[in-house]
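> How does the following fold in three dimensions:
(5 chains)
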Amino acid sequence: MIRALFSAKTLLVAALLLAALILAPQVLPRFYIYLMALVFVTGLLATSLNMVLGFGGMYQFHHAVFYGFGAYALTLLLTKAGMPPVFAYLLAPCCSAALGLLLGLITVRLTKLYFGMLQISLGSLVWALAYRWYSFTGGDDGIHGIPLPDVVYSSTGAYYFSLAVCSVSLLVMYLIVNSPFGRIFQGIRDNPERCRAVGVDVHRHQLAGQAIAAFFAGVAGTLFVTVEGSVFPELMFWTLSLELIIMCLLGGWFVFLGPMLGAAIIVVLRTFVGIYTEYWTLVLGVVLMLLIFFLPEGVLGFALRKAGPAQADPAKE
Amino acid sequence: MLEVSEIHTYYGLSHILFGVSLEVSRGECVCLLGRNGAGKSTTMRSIMGLTPPKRGYVRFQGVTCTGEKPYLLVRRGMGYVPDDRRVFADLTVGENLEISARNFTEGGWDKERVYAFFPALEKIDHRRAGFLSGGEQQMLTIGRALMTNPELLLLDEPTEGLAPLIVQMLEEQIHALKKSGLTVLLAEQNLSVALRLSDRGYVIDNGVIRYHGSAEELQKNEAVRRKYLCV
Amino acid sequence: MNRFSLISAFLAWVLALALCAAPAMAAKTIKVGIVDCYSGPPSTYTNDVRDAFKLEIDKVNAAGGVLGRKIEFVTRDSKFKVDLGLSAAKELVMREEVDILMGTINSALALAISDLARKERIPFLATFAKSAKITGEAGHRYVFSITENTALAGKAGAVGLAKMPFVKYWIAGDDYEYGHAIADGVWENLRTLRPDVELLGQSWWKVGEPDFTPYITAMLSANPDAVIVATGGRDCVPFLKAAKATGFNERVPFYMHTATELSTLKPLGLDAPEGVLGTSNYFFYYPNSKANRQFVKEFQDAYGRYPAVGAVYGLLAAKYITGAYQKAGKVHTEKFIDAMEGMTVDSPVGPVTMRAYDHQAMLPMFMGKTKKAEGYDFLIATDIVTLEPEEVAPSIEEIRKARMK
Amino acid sequence: MLRIEALTKSFDGFMAVNNARLTVDQGEVVAVIGPNGAGKTTLFHLITGQLAPDSGSIRFQEKEIAAKAPHKICRMGIARSYQVVNLFSRLSVFENVQVAVLARRGKTFNLLRPSRTIAVDETNQILESVGLGGKADRVCGMLSHGEQKVLEIAIALGSRPEMLILDEPTAGMSPEETAQTLALMKRLVAEFELTILFCEHDMAMVFSIADRIMVMQQGQTLVEDTPEAVRSNLLVQEAYLGGGAAPC
Amino acid sequence: MDFASNITAAALFQQVLVGLSRTTILFIVSSGLSLVLGVLRIPNVAHGSLYMIGAFLTYTIAAAVGPGAFGFWIALVLAPLGVALLSFAAERGLFCHLYEREHLMLLLFTFSMTLVFNDLVKLIWGSDYRSFTAPGFLQGSFDVFGLPFPRYNLFLLLIGPLVAFGLWFLTNRTKIGKIARAAAVDREMVGAVGINVSWIFAATFVIGCYLAGLGGALVAPTQNITQGMDHTIIIEAFLIVIIGGLGNIWGALLGALIFGLTDSLGILIWPQFAIVFPYVAVVIVLLFRPKGLLKSTW
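Residues are numbered from 1 along each chain as shown, chains lettered A, B, ... in the order given. Alright, predicted model coming up:
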């Protein structure tokens, strides 16, 4: 199954990259390790969004809600339910997927902007719930000092854990994107009407796609908790969702790894420009505007197009 | 008056017109005949600047205006009646005409004159254009084009999909326009209407002009008609 | 998928890392890292903290620093976002390797940083976050609070209100932790002090509510004796505007924690409603002591404006830091903390002690009423009653109970 | 096989299809002709479920399919191509057809198996049979118009339909391509035992392949008869050309 | 606790009035958004930023002219014009090159603009909040059935219909309005009857943004003018436009009414959960009318 998707060269590069990442904590200062872990989390989240946005054509405007929901689910399962960490880590993304399914049931009947705005309304209700339910979710103060298993408590432990989970998740998502389901999903993106005409139940696929994307957003949420040890309602606020869309766009939203790159750029940019100036959003805004003007297919999309003019589509090799 | 020379037009990547050339002199009515998808509408759109040709040129009244914005061409004196009518559905008939008013000079076309020309429109002045019948919409698009006071009228399949009676009526009106001195380029599938109206004709097929000659010649040339128009 | 994207992703990564791997350590200074929100409404408060802190630090450095070392500080803008602030704090700890963390007006962020401080064993001085949890149930060895908190403010409000004849109350406020904590604090304490009070109802609005008129009219139609308004900083101004426009303050007396604060009253100019009850830690015109007058003068000379309440927090933070290092005798975190505990420093509001048990600075509270006054183009607080910290702070017993939970 | 009765559909008061009737028997090739705007495409939309009729019945293999969801109708065995090229624009030629094959096989919720290992033979076979075998890896936007129209048919074949509905399959094609498409249609009927319902402006093509012809005008069924009968029908000449020459 | 004890007819009436004045602001802002959405097809997230800039400009102009009614009126006229000027520059400089792009791209483009505008506002005005007051005759309140109704809200109540009438007049009675309506449906054909669509788009964009500025100017006296005031309004405006029907300015009116009234009545009836009422209203509307209440131009 792996062999069918990757060439030997790709596998080699991936192995080297992975080895480099595994060795990184030995050579890099602690802060960069933390930052890389943050990139994994954010990148995984953006990639999960892109599954429905770039590969499914759904205007998923409030993806962050599934991220935050996963983070809260893990936290509450650990603190309130006192569940063993292994189960909590497995169950939390499922909670996100269930929420994705639930919201999806209401939203998939709508298309494009209507879909997106309805999702924002519903997501805002979920956000309001987390924001208001002091006794359960800690309200806007959030929950801090979450009791994490010892393995992931140190920043190196968190790094390895998020690296592992992120790699596996990316691989699984890549498989899904290239599976029959993914193929149909791309068909729906390009032409939902035609898809119906060849016998595809578009809504059911969109629903499933949303649940899967929500699942991985939930995984990213649990990783966030692992890396930061905190949850707070901002994780489900709609502005974060828009930032995620920007990451997809920045990296290239028709390329599988585009959002990963976009997330890396934004996280690194805001951390390091933030050191020198309070006005890093200004820098980001200008960069984005230039990008939309000159590189509408995103950084990675552009690079790929330059590399191979005939085939810009990532979903196939 | 109008000179189209060797234009090549693309829709995205598909090449539609392969070096189409044609000429229309002042006061003439010239028809462009061809089957569905032969490239008639694309030729019209290329002239009008809606789908600018990639190669070749369009010259109007002695000025090369290839790829110029449509609104500038209208100001130069081109009027355009699209094949799918495209009235402004949200506006009333009167409003449709009002916003199109252009280039008015003494004795030119204004709302009154259009209503006098198409009395049927006056009665439905306040009706929303989206609720008109096909024939009424066609009158409206022609009226709308007339409001721009064109010297050359591009008429793209005015009779398409209309009932025979309406076709007949329209034919008379177009004839009247021609008599009033308007230059007309008419794209048609309906051979009989086209030949009755025009002085000369071009036959287009698959983006190439296959034949051109006077109306009589076309009428006589059975072979061309069979081959390209399957009539 | 293709090696190309992998390679380019990796290259971008390396490039990014190379770009920012600049060495950051300078020798022999004490480094303080401040994370706070310097964007948007909260900066009205946070700028004062930073500026007063800088004023005092500059003085200390000019005199040769502490233990022969200069104190330097770096700031990071959290934009009122917890995730940004938290990663900025980690950056300060891990990359800048600061000795002390300080800051933040955002309670959620303060709690998150507090957790980080405990993990990293770095002292964290919370300068503006009002959550009682910081030194209450979530308190630990490495966190200090140099500001009143919701428990303090609530009790102060209750003590003040208990002396008034009101019975039927309505509670309204910003619908977030701070609002509810203040309201609960006032109400719980008030009920203990005056068992006959009665709650008619509550209304809660979202933070940043654009129009308070519907809330005020809804409250008026319930006809309470008094209203307890628990709004955070940013909503005070529009609420007072709406109160003035509807004549709310003339119909129903109301108490609002920060109503008398300079940051609230200054933007309103002379159009603020009069007679509103409020509490605050500090006024530049009260207490009218020599220390305060001198501080106000210095601050005005440096920045051309009156110091607001945040300035006292900034000043206190600077004084605590220098004082504790001095007392510890060497730059050592654990010794620093030992020195901090129970330390008393002088301030414009008199001597302030850092309570050893919960690391809460024992600040006095001033309750007053808004009023126009000659010489100012904005309203000031009058009829000021000082509530001593011993009177309003939660007892050590209460803190212990909270931490046991 | 397909029986349409008293079918009506209006848009904002405009009767696009008005009391239309049509019967298609197993193995037949039926053409629908009529001037532009006569309601042909609307009729097809109604059959395949893109639009729901106002009234009337559409029975396919004795089952009522009016107003059913398009994907359900497709699974019952009706596939269609579109007049305006309507493809999956970012997918390759191979993938375009594969989508349809996968959808038919019902493997669409298979999440982890690489799709390039599934249904490859069948897809390639379809591409071969329509003559697009050599262009499987092209992004479909790069094809010529004629090839895109053929791809339209290939996608429809991917659903393995019993009945194929083609909306102007040769519009915009060169004479050579038209001839090839005609041959393709004939082969399809023979090889796959398909029933074909199509509409077309190219009368030469219509009369060379159709077993029966339905003439539509202003949404109504004007005539439904054999080619010979239609050719000589005065009503048709009237409708088509406003009196004048007969359609060839 | 009894929720209903304070719900009297007078209170209800009062809440409706107050809700209507809130509706005015929402309508002004969201109709501008709707106009831009309908004609130019730009989901302009930066609309909220323009609203904020309008409020800041109002403050600055009023402060520059000096206290009193005169400064207020001058600011009320000039500030929206300033915003219009800014949007004109943005349209000619940026947007007019982007009309063919996908909606998502435009959405993100305008979102990037909000980032830029936000920091620019901070650079120009600082991050403190500002406040200024309406002139004397608009201050205070008068009694309606024993409950105070602020004069300024009455002023808003008068402005609302005025703006609605102005918009109606603009779209139905002026040539540019008619052209804009035509362009909303078929921009190519508008060009083909000799109209320079580009300028129509510019004009529509400027008018839409002017409305954002006007909304900002009108709320300025009732709020503190700060960074971040764009956040709430833009999400509300988008929801209003969506439930009303994209691009339909009467839909914006209807949506604003629903939003304003559910909000203010919610405050009276169930104050603890008032904040969720408008969102629930949106969800209900979209469940039953997935394309919004009135006809959308999309």
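> which parts of stretch A:224-244 are buried?
Buried residues in stretch A:224-244, counting neighbours by 16 or more other Cβ atoms under 10 Å in any protein chain shown, are found at A:224-238, A:240-244. All C-beta atoms are positioned from the backbone trio N, CA, C, and that covers glycine.
> Flag the shaky bits of chain B, pLDDT-wise.
Judged against pLDDT under 70, the low-scoring parts of chain B cover residues B:13, B:161, B:229-231.
> Next one: the spatially most central residue of it relative to B:A145, how far apart?
Centre of chain B computed as the mean C-alpha position; nearest residue by Cα atoms, centre = their mean is B:L155, 1.3 Å away. Using Cβ to Cβ, to the nearest Å, we find B:L155 at a distance of 8 Å from B:A145.
> about what we covered before: for the residue nearest to the centre of chain B, list the residues it contacts.
Listed by Cβ atoms under 8 Å, 6 or more residues apart in numbering or on different chains, the contact partners of B:L155 are B:V81, B:I142, B:I174, B:V184, B:L185, B:L186, B:A187.
> same deal with E:I234?
Residues touching E:I234, when contacts are defined by Cβ under 8 Å, 6+ apart, comprise E:V45, E:H47, E:G48, E:S49, E:Y51, E:T114.
> switch the cut-off to 10 Å
With contacts taken as Cβ atoms under 10 Å, 6 or more residues apart in numbering or on different chains, E:I234 has the following neighbours: E:29-30, E:33, E:44-52, E:110-111, E:114, E:212.
> who in chain D is up against chain C?
Taking Cβ under 10 Å from any Cβ of the partner chain as the measure of proximity, chain D makes no contact with chain C.
> buried sites along the longest helix seen in chain D?
When chain D is scanned for its longest helix (criterion: DSSP state H), the result is helix D:175-192. Taking 16+ other Cβ under 10 Å as the neighbour-count basis, helix D:175-192 is seen to contain the buried residues D:E177, D:T178, D:Q180, D:T181, D:L182, D:L184, D:M185, D:L188, D:V189.
> Mind telling me which residue is nearest the centre of chain A?
Most central residue of chain A, judged by C-alpha distance to the mean C-alpha position with Cα atoms, centre = their mean, is A:L45 at 1.3 Å.
> Return every residue with contacts to both of B:L155 and B:A145.
With contacts taken as Cβ under 10 Å, 6+ apart, B:L155 and B:A145 have B:G79, B:Y80, B:V81, B:P82 as neighbours in common.
> quick check: domain ranges of chain C?
Domain assignment for chain C by automatic domain parsing gives C:25-149+C:288-364, C:151-282+C:365-392.
> among those domains, which gets the worst mean confidence?
Comparing mean pLDDT over the domains of chain C, the weakest stretch is domain C:151-282+C:365-392, at a mean of 87.
> re earlier: so which of the contacts of B:L155 belong to helices?
Assignment to helices by DSSP H places the following of the contacts of B:L155 there: B:I142, B:I174.
> Filtering the contacts of B:L155 by proximity to chain E, which remain?
B:V81.
> just the contacts of B:L155 now: which is nearest A:M83?
Within the contacts of B:L155, distances to A:M83 taken as Cβ to Cβ reach their minimum at B:V81, with 72.0 Å.
> tell me which residues in stretch D:58-78 are buried?
Residues of stretch D:58-78 classed as buried by neighbour count (16+ other Cβ under 10 Å): D:58, D:60, D:65-66, D:68-71, D:73-78.
> In contact with the residue nearest to C:S78 when sequence neighbours are not counted, which residues are there?
The spatially closest residue to C:S78, leaving aside those adjacent along the chain, is C:G85, at 3.1 Å (Cβ to Cβ, 6 or more residues apart in numbering or on different chains). Contacts here follow Cβ under 10 Å, 6+ apart; on that basis C:G85 touches C:35-37, C:76-79, C:103-104, C:106, C:108-110, C:112-113.
> In three-state terms, how would C:G85 be classified?
Using DSSP: H, G, I helix; E, B strand; the rest coil, the structure places C:G85 in helix.
> Please apply the same query to the one 5 residues further on.
Per three-state DSSP, the local secondary structure of C:K90 is helix.
> Excluding chain neighbours, give the residue nearest to it in space.
Nearest non-adjacent residue to C:K90, counting by Cβ to Cβ, 6+ apart: A:Y34, 5.7 Å away.
> The one you found and A:Y159 touch, don't they?
Yes: under the criterion of Cβ atoms under 10 Å, A:Y34 lies in contact with A:Y159, with a separation of 7.3 Å.
> Among these two, which residue is more densely surrounded?
Neighbours per residue, other Cβ atoms under 10 Å in any protein chain shown: of A:Y34 and A:Y159, the larger number sits with A:Y159, 27 against 24.
> got any ranges where the chain has weak pLDDT?
Picked chain A for this. Looking at chain A by pLDDT under 70, you get A:1-4, A:308-317.
> I was thinking of chain E, sorry if that wasn't clear
Applying pLDDT under 70 to chain E flags the ranges E:1-7, E:272, E:298.
> And the next helix or strand past the helix or strand hosting E:L26?
E:L26 belongs to helix E:9-35 when assigned by DSSP states H and E. Towards the C-terminus, the helix or strand next in line after helix E:9-35, according to DSSP H and E, is helix E:47-65.
> following that following helix, which helix or strand comes up?
Secondary structure here is assigned by DSSP H and E; on that basis, the next helix or strand after helix E:47-65 toward the C-terminus is helix E:69-93.
> Is the next helix or strand after that following helix in proximity to chain C?
Stepping forward along the backbone from helix E:69-93, the first helix or strand reached (DSSP H and E) is helix E:103-125. Yes: for helix E:103-125, a contact with chain C is found by Cβ under 10 Å from any Cβ, at E:N118, E:D119, E:V121, E:K122.
> and the first one, how many neighbours?
Number of residues near E:N118 (other Cβ under 10 Å) recorded here: 26.
> residue contacts, it?
Taking Cβ under 10 Å, 6+ apart as the contact definition, E:N118 lies against A:279, A:281-282, A:285, C:39-40, C:79, E:46, E:48-49, E:52-53, E:227-228, E:230-231.
> got the residue ranges for the strands in the chain?
Picked chain A for this. Secondary structure of chain A by DSSP state E: the strands cover A:143-144, A:230-231.
> Sorry, I should have been clearer: chain B.
For chain B, strands defined by DSSP E occupy the ranges B:2-11, B:14-24, B:29-33, B:55-60, B:63-64, B:78-81, B:152-156, B:183-188, B:200-205, B:208-214.
> C:L270: which of the ones you listed is closest?
Go through the strands of chain B one by one with Cβ to Cβ and the one that ends up closest to C:L270 is strand B:78-81, at 65.2 Å.
> buried set for that closest one?
Buried residues in strand B:78-81, defined by neighbour count with 16+ other Cβ under 10 Å: B:M78, B:G79, B:Y80, B:V81.
> can you check stretch B:3-20 too?
Within stretch B:3-20, the residues that qualify as buried are B:E3, B:V4, B:S5, B:I7, B:H8, B:T9, B:S14, B:I16, B:L17, B:V20, counting by 16+ other Cβ under 10 Å.
> burial count for B:I99?
Other residues lying near B:I99 total 26 when counted by other Cβ under 10 Å.
> Would you confirm that D:R187 contacts D:E193?
No: because the distance of 11.5 Å does not satisfy Cβ under 10 Å, D:R187 is recorded as not touching D:E193.
> How far away from the center of its chain is the longest helix anywhere in chain A?
The single longest helix within chain A, with elements called by DSSP H, is helix A:202-228. Distance of helix A:202-228 from its chain centroid, counting by Cα atoms, centre = their mean, to the nearest Å, is 8 Å.
> Could you check how far the residue of chain A positioned farthest from its centre is from chain E?
Using Cα atoms, centre = their mean, the residue of chain A lying farthest from its centre is A:A197. It sits 31.4 Å away. As defined by Cβ to the nearest Cβ, to the nearest Å, A:A197 lies at a distance of 21 Å from chain E.
> And for that residue, nearest residue in space, chain neighbours not counted?
Of all residues beyond its chain neighbours, the one nearest A:A197 is D:P70 (5.3 Å), with distances taken as Cβ to Cβ, 6+ apart.
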